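Chemist: Below are the sequence and a predicted model; questions follow.
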Amino acid sequence: MKKAKGFWLSIILSLVVYGVVQFLINSGSLNPFYANTLIFIAINIILAVSLHLVIGITGQFSIGHAGFLAVGAYISAICTMKLEFPFIAALIVGGVVAAVAGLMVGIPSLRLKGDYLAIATLGFAEIIRIVFLNIDYVGGAAGMQVSHLTDWTYAFICLLITILVIVNFTNSRHGRACIAIRENEIAADAMGINTTYYKVAAFALGSFFAGIAGGLYAHNFYIIQPTNFGFLKSFDILIFVVLGGLGSLSGAVISAILLTIVSTFLQDYPETRMIIYSLVLVIVMLYRPQGLMGTKEITDYFGKWTNAKGGNSYGK
Amino acid sequence: MASKPLLHVQGAGIQFGGLKAVSGINIEIHQGELIGLIGPNGAGKTTTFNLLTGVYVPTEGDIWFDGKRLNGLLPYQITRGGISRTFQNIRLFNELSVLDNVKVAYHSLAKHSILSSILRLPSYFKGEEEMEEKAIQFLKIFKLDHLRDEVAKNLPYGQQRRLEIARALAAGPKLLLLDEPAAGMNPQETAELMDLIAFIRKEFNLTILLIEHDMKLVMGICERIYVLDHGQLIADGEPDFIQNHPKVIEAYLGEEVESANA
Amino acid sequence: MEWIQQLVNGISLGSIYALIALGYTMVYGIIKLINFAHGEVFMIGAFIGFYAIGGWGLSFVPALLLAMAVCAIIGVVIERVAYKRLRNATRIAALITAIGVSLFIQYGVIYIRGAQPEAYPNVLPSKTFEIFGVNISSQSLLILSVSIILMIILQFIVHRTKMGKAMRAVSFDAEAARLMGINVDRTISFTFAIGSALAGAAGVIFGTYYTKIDPLMGVIPGLKAFVAAVLGGIGIIPGAMVGGLVLGVVETVVSAFGYSLWRDAAAFIILILILIFKPSGLFGKNTREKV
């Protein structure tokens, strides 16, 4: 019962945050630049948390997450712009198609391990990008016009659902199976866990939310182009997870927030941003390879909150 | 014995790239037996375990367990079919708590689906609660319940071994394979381990096959012993018979002297 | 006849891939690291060649040697500063570090000199020979011969010198090599030096052949050279050569069929097929994890 109480507490708390921000936007006291930054933060958290499920929880090193972002972005854009679906349906279709893409990539490549898997996912992401580059229906290299439909409400609801689903998944026998695979795949196998199934499931679920993020992303700009979804984008997402701590959801969230703010302020100096990013990454790997949070969750630092999200399953 | 064996290995073996690692293995184990598998380093003991548990697929022969043919089944299918194991180099889920390590073993006994977990349906709460209760009870049997929230990697070595055995048992096997359970243990820990093995065997009505280097342990508790050398079975029989078997002495000479001195 | 022409183009491109792939494969063989920054060493080599030829008026061969020497030093510095501490780290930590170093060099170069591309000065006589009715440019021939000479030198170093023996010993078993009195650190540095020098040479050759260079030029050839290394069996030196040539020819053929926009995809499709069906590569032996 304590668990349920903490759960509702965090839901109410997040709704309050939503309400306050929405009020500030409506009353005009939050200028559009900051409002847009908040939307960006929400999208980046969705990306970070979805990759966290694949890398942090299941231990499968994917460095091609932008490929699924691209699938979600293009498919949802096709849905709204060409097929005139309502935005919400477009988001869902984008997520589902991205999940299918995740299955198609995951089933063959998740037999690989470590750096081989990483390279294979990178290769798949590039192939996805090149496919969009070559389809005239979506504008090829010139890109595709997309209406601006994403607002704070959509971004927030998607973010909330993403976090809820991934937290709930993690804190169940299924999440435990994934963590067992991360910790020792051979032992997980020997404990009767169908490792292939869980690796692919985590990958597909992660891809689904990357696809949702893609839908939000596409409809937050006026145009999407294949170059938006290259290796650098995958790298941006990867750094959230690695910096936050492999295995820590709150770490991924915190670093997504911090880095989005940093890169917003540095957006006129992209080289400086990349130099800082890459230096941070190298320094973190050399001196604190477990990332900022390790496998700990922020709730672990508040005794009372330990069970708030049922977060007793790992890393304590 | 007239009854059908629980485990029946018929001429099983595997070769890696033309090199025969083990071949022509014949093993029969009946319900309730405690059997030893010994042999010098590199004789193929762990490879045999890997064949039984599906880590390797045999390139010759057949493995029958409980009326089913195991050849080609995946490791998790074999575990669910009733064979579980420990590893020579302990393979715990290091970052998970002691309790969660055991819960993982209960994974396939619970039934709540991914969807019901995500939506937190009643079946999720019921399933997770049951797993937790069972796991706690189990830890009590192994006198590990006071450590339930400890992260596995922080346990002392002897308790890591203990936890690994507990975890293997939690998976609900009919046949338990122990790969050098006493490796690295001091004499007192080894004695405790022998008691533990005797206890779980009775408590869970278990059949056990164990690989062991510690001759005293093997001779002391095993009813029958299989001896491997260079990937082939060279002898099998009761401890007294094995102890005086000329081939075994020949194969084992170096290590025999060593363990006599120890 | 046009096909033979394309084949020659493919082999020229492939020999550049092969030169880069050699560095990947040697480094992977010795410390099991995918050195992502290798493509950037290639880029730096191209720029050094550019400044040496355009700025100081050096001719091709001195510029090539200079680029190789500087790249060797840069390779060793990268290894000493970033990778050396990672010897006992997880493979993933090492991979992320390598990606970080790679991006750092790319954007460091952009920061220093801007992102604008440069046109490579023309240093080689561009004559065309007609052999059996096929037009072959002197540049293709020169590139090919330089590549072949470098590969022969590499084979000589690896198989005939003491350092080469040490390299092979360390890649076989670093711990045992250390016990046998081999200076493992120095051997690894030497491997980086050799691999980076070859990448530097590839940079200069690329510049002279394709005439355009920019700070991000290393990314795609770097990835493709990695594909070539995997194709041949990573860690295997002749494998990298063959893998590079095969990849170059395949890409040229794909372009020749009129699918030039798909050319980059071809390399990645090859990569994935190889990883899935024969991860040890064309020349590799299968290995399995010990349980």
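Modeler: Received, thanks.

Chemist: Tell me the residues of the stretch 1-150 of chain B that contact chain C?
Modeler: Residues of the stretch 1-150 of chain B lying close to chain C (CB under 8 Å from any CB of the partner chain) are B:Phe16, B:Gly17, B:Thr46, B:Asn50, B:Val55, B:Phe87. All C-beta atoms are positioned from the backbone trio N, CA, C, and that covers glycine.

Chemist: Just give the nearest non-adjacent residue to residue 93, would you?
Modeler: The chain I'm using is chain A. Closest residue to A:Val93 apart from its sequence neighbours, by CB to CB, 6 or more residues apart in numbering or on different chains: A:Cys79 at 5.2 Å.

Chemist: if you could check chain B rather than the one you did, that'd help
Modeler: Leaving aside its chain neighbours, B:Phe93 sits nearest to A:Glu183 (3.8 Å; criterion: CB to CB, 6+ apart).

Chemist: Which of the helices or strands spans B:Ala12?
Modeler: Using DSSP states H and E, B:Ala12 sits in strand B:7-16.

Chemist: helices and strands around that strand, which ones?
Modeler: strand B:19-29, helix B:45-52, strand B:60-65 (3 or more CB pairs under 8 Å, 6 or more residues apart in numbering or on different chains; DSSP states H and E).

Chemist: which residues does the residue in the stretch 151-262 of chain B that chain A sits nearest to contact?
Modeler: Here the residue of the stretch 151-262 of chain B nearest chain A is B:Ala171; by CB to the nearest CB that distance is 5.5 Å. Each residue near B:Ala171 by CB atoms under 8 Å, 6 or more residues apart in numbering or on different chains is listed here: A:Met191, A:Gly192, B:Thr79, B:Ser84, B:Ala105, B:Tyr106, B:Ser108.

Chemist: are any of those buried, and which?
Modeler: Neighbour counting with 16 or more other CB atoms under 10 Å in any protein chain shown marks A:Met191, A:Gly192, B:Thr79, B:Ser84, B:Ala105, B:Tyr106, B:Ser108 as buried within these.

Chemist: Kindly state the beta-bridge partners for the fourth one.
Modeler: The residues listed as beta-bridge partners of B:Ser84 by DSSP bridges are B:Leu176.

Chemist: Quick check: closest non-adjacent residue to C:Ala63.
Modeler: Nearest one to C:Ala63, counting by CB to CB, 6+ apart, is C:Ala52 at 4.0 Å.

Chemist: quick revisit: a markdown table for the helices and strands packed on strand B:7-16, including mean neighbour count, distance to B:Leu7 and mean pLDDT?
Modeler: As requested, the helices and strands packed on strand B:7-16 are exported to a markdown table (neighbours: other CB atoms under 10 Å in any protein chain shown; distance: least, CB to CB, whole Å; pLDDT from 0 to 100):
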| stretch | mean neighbour count | distance to B:Leu7 | mean pLDDT |
| --- | --- | --- | --- |
| strand B:19-29 | 18 | 4 | 91 |
| helix B:45-52 | 24 | 7 | 94 |
| strand B:60-65 | 18 | 5 | 94 |
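
Chemist: for these, which one sits closest to C:Phe47?
Modeler: C:Phe47 lies closest to strand B:19-29 among the helices and strands packed on strand B:7-16, at 50.2 Å (CB to CB).

Chemist: what angle do the next helix or strand after that closest one and helix B:45-52 make?
Modeler: Moving toward the C-terminus from strand B:19-29, the next helix or strand (DSSP H and E) is strand B:34-38. On the basis of axes from the mean of the first three to the mean of the last three CA atoms, to 10 degrees, strand B:34-38 is oriented at 130 degrees to helix B:45-52.

Chemist: In chain B, spot the helix with the most residues.
Modeler: Longest helix in chain B, counting residues (DSSP state H): helix B:122-141.

Chemist: quick one: average pLDDT of the helix or strand just after that helix?
Modeler: For helix B:122-141, the following helix or strand on the C-terminal side (DSSP H and E) is helix B:157-170. The predicted model assigns helix B:157-170 a mean pLDDT of 92.

Chemist: Before I go, just wanted to say thanks for your time.
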